[in-house]
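Visitor: sequence isn't available, so here's the structure alone:
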């Protein structure tokens, strides 16, 4: 997709997060179940810190725990509204930088930001848009592109994934000699499943067509590894 579309999606998610928590100082220290080490405030500090790092070109350790922790340490003492203001000041410079970035990097930013929007919504018990949303196109595009590469590299059997936004896409090499598995789920469930937010029990309970057992390594060792230095599926079910 055009990088301008990814930039528009990034602005959209920022606006939703701002509308969700601005002026709500009382929710700052609520835990985020999908990111149990972080509060709402620390999650926003990460998002504001990512924007700072993009603009300053501090991307050498992008996605590593040390990179994200440095963001929280740097600005995490600010209030929610101060963090939202800081992030907002970075939106124009970030989108200008995205115009010069690889397409995958722009889509990865949308994936990370959209994922954390829903992480915080889970902590607040205030669900947001779960389909028919501009942000799902780049986010799921990033997930499926990376997923295809990882499936092929690991020699996993092919997966046919179907969601309303992306239609039907194939992940992996169709010539791998195993029966193809298919999965038809919502955009939201694809974001959460392929983004490391579902337990193994929840993964196995998805409406698979075929036996997904051989694909589990993708969700426990491979797919989440391109985000947050290797998020693994939670031990306990994440109910959203």
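Guide: Everything's here; your move. Bear in mind the structure is a predicted one, so any value in this text is a computation, not a measurement.
Visitor: now the helices for this protein?
Guide: Along the chain, counting by DSSP state H, helices occupy 3-21, 40-56, 65-75, 80-98, 103-124, 136-154, 187-194, 200-204, 216-217.
Visitor: packing partners of the fourth one?
Guide: I take that to be helix 80-98. helix 3-21, helix 40-56, helix 103-124 (3 or more Cβ pairs under 8 Å, 6 or more residues apart in numbering; DSSP states H and E). No exception for glycine: its C-beta is placed from N, CA and C like everyone else's.
Visitor: in the protein, what spans have low per-residue confidence?
Guide: Along the chain, the model assigns pLDDT under 70 to residues 1, 177-179, 222-232.
Visitor: quick one on the thing from earlier: which of the helices of the chain sits closest to residue 171?
Guide: Across those, residue 171 has its closest neighbour in helix 136-154 (4.6 Å, Cβ to Cβ).
Visitor: that closest one to helix 187-194, inter-axis angle?
Guide: If you take axes from the mean of the first three to the mean of the last three Cα atoms, to 10 degrees, helix 136-154 sits at 30 degrees to helix 187-194.
Visitor: what's in contact with helix 136-154?
Guide: 1, 5-6, 9, 104, 106-108, 110-111, 114-115, 158-159, 161, 163, 165-166, 169-173, 187-188, 190-191, 194-195, 217-218, 222-223, 225-226 (Cβ atoms under 8 Å, 6 or more residues apart in numbering).
Visitor: got the contact list for residue 162?
Guide: Residues near residue 162 by Cβ under 8 Å, 6+ apart: 168-169, 182-185.
Visitor: please report the distance of residue 104 from residue 46.
Guide: Residue 104 is 20 Å from residue 46, where distance means Cβ to Cβ, to the nearest Å.
Visitor: more crowded one of the two?
Guide: residue 46 (25 against 15; other Cβ atoms under 10 Å).
Visitor: so who does the residue lying closest to residue 71 once chain neighbours are set aside touch?
Guide: Closest residue in space to residue 71, ignoring its immediate chain neighbours: residue 49 at 2.4 Å, by Cβ to Cβ, 6 or more residues apart in numbering. By Cβ under 8 Å, 6+ apart, the contact set of residue 49 is 68, 70-72, 74-75.
Visitor: just among those, which is most surrounded?
Guide: residue 68 (25 neighbours).
Visitor: you'd agree it is up against residue 45?
Guide: No: counting by Cβ atoms under 8 Å, residue 68 stays clear of residue 45, with 9.5 Å between them.
Visitor: need the nearest residue in space to residue 29, chain neighbours excluded.
Guide: Using Cβ to Cβ, 6+ apart, the closest residue to residue 29 is residue 39 (5.0 Å).
Visitor: would you mind measuring from residue 107 to residue 176?
Guide: Distance, residue 107 to residue 176, using Cβ to Cβ: 26 Å.
Visitor: which one of these two is surrounded by more residues?
Guide: Taking neighbours as other Cβ under 10 Å, residue 107 and residue 176 compare with residue 107 leading, 27 against 16.
Visitor: quick check: residue 43 touching residue 31?
Guide: No: judged on Cβ under 8 Å, residue 43 makes no contact with residue 31 at a distance of 10.2 Å.
Visitor: so for the two, which residue has more residues nearby?
Guide: Higher neighbour count among residue 43 and residue 31: residue 43, with 25 against 13, using other Cβ under 10 Å.
Visitor: so residue 32 makes contact with residue 44?
Guide: No: Residue 32 is beyond contact range of residue 44, at 10.2 Å (criterion: Cβ under 8 Å).
Visitor: what's the neighbour count on residue 56?
Guide: Counted with other Cβ under 10 Å, residue 56 comes out at 11.
Visitor: likewise for residue 123?
Guide: Residue 123 is flanked by 19 other residues according to other Cβ under 10 Å.
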